Every structure is written in structure tokens, then in C-alpha cells.
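[1] whatever this is, show me its structure:
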Amino acid sequence: MISNAKLACVYSALILVDDYIAVTGEKIKSILKAANVDVEPYWPGLFAKALEGINVRKLVTNIGSGVGSALSAGDAAAPAAATATAEPEKEEKEEEEEPEESDDDMGLGLFD
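    This next block holds a predicted model:
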């Protein structure tokens, strides 16, 4: 299970990302202090360092997208569109149905 210290740092980082504030160790510490949460002093800096250079907002918005990597919706649609345009459209050839022979053509009409 995840410890309370780790969970508090995760929530603090998400709060910062939601407010479009850069995630730093000092800002995580200030949120934890305001919430009266005591954590080991290395956790905020560790989380800030781990999230450095990562677009957390993009990660969070793509969690339920079903894409294996962290692609945005536009990035995921681009390869699918490229594949669709690269393959020639297969035209379904409708088989021309031969006209059914009627009984009249064979001389076996109903009213003969």
C-alpha cells in the first residue's frame, strides 16, 4: 500500500498542476504545511524531481483513453487516420444477380 506521505505528495502535486503552477519541492512543502501533513523532508523534493519535464496534465487526461502510451487524443487519431488513408478503399463488388428463370420462360406458366 502507498504510505500517507506519498499520497499527500501526490495530491499536492496534482493541486499544483490543476492550478497551472510549476511543481517544485518548496511548493509541495507549502501545500503540505497548509494541510498540517507531516512527511519526511525528502518526499517533496523527490516528487518534484520525478515530475520534472513530465506533462502531468496530459497524463491525467489520458488515463482512460485506452492508449498504451501517453498520447493525446489528436496523436492517437493521427496514426489511425494515416493507416486508413494509406490503404486503398476496397470496393465491395456486388455480384450481379442472374435474373431468376420464371416458369413462363420454360413454358410452364400457371395459366397455360
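[2] could you find the closest non-adjacent residue to residue 47?
    residue 9 (4.4 Å; C-beta to C-beta, 6 or more residues apart in numbering). C-beta coordinates here come from the backbone N, C-alpha and C atoms, glycine included.
[3] is it correct that the one you found is in contact with residue 25?
    No. Contact status for residue 9 versus residue 25: not in contact, 9.6 Å apart, counting by C-beta atoms under 8 Å.
[4] mind checking pLDDT for the residue nearest to residue 47?
    Here the pLDDT value assigned to residue 9 is 93.
[5] residues in contact with the helix or strand encompassing it?
    Using DSSP states H and E, the element containing residue 9 is helix 4-18. With C-beta atoms under 8 Å, 6 or more residues apart in numbering as the test, helix 4-18 has contacts from 2, 22-23, 27-28, 31-32, 35, 37, 39-40, 43-44, 46-48, 51, 56-57, 60.
[6] filter those residues to the buried ones?
    Neighbour counting with 16 or more other C-beta atoms under 10 Å marks 23, 27-28, 31-32, 39, 43-44, 47-48, 51 as buried within the contacts of helix 4-18.
[7] circling back: quick one: the residue nearest to residue 47 and residue 64, what's the gap?
    As judged by C-beta to C-beta, to the nearest Å, residue 9 and residue 64 stand 23 Å apart.
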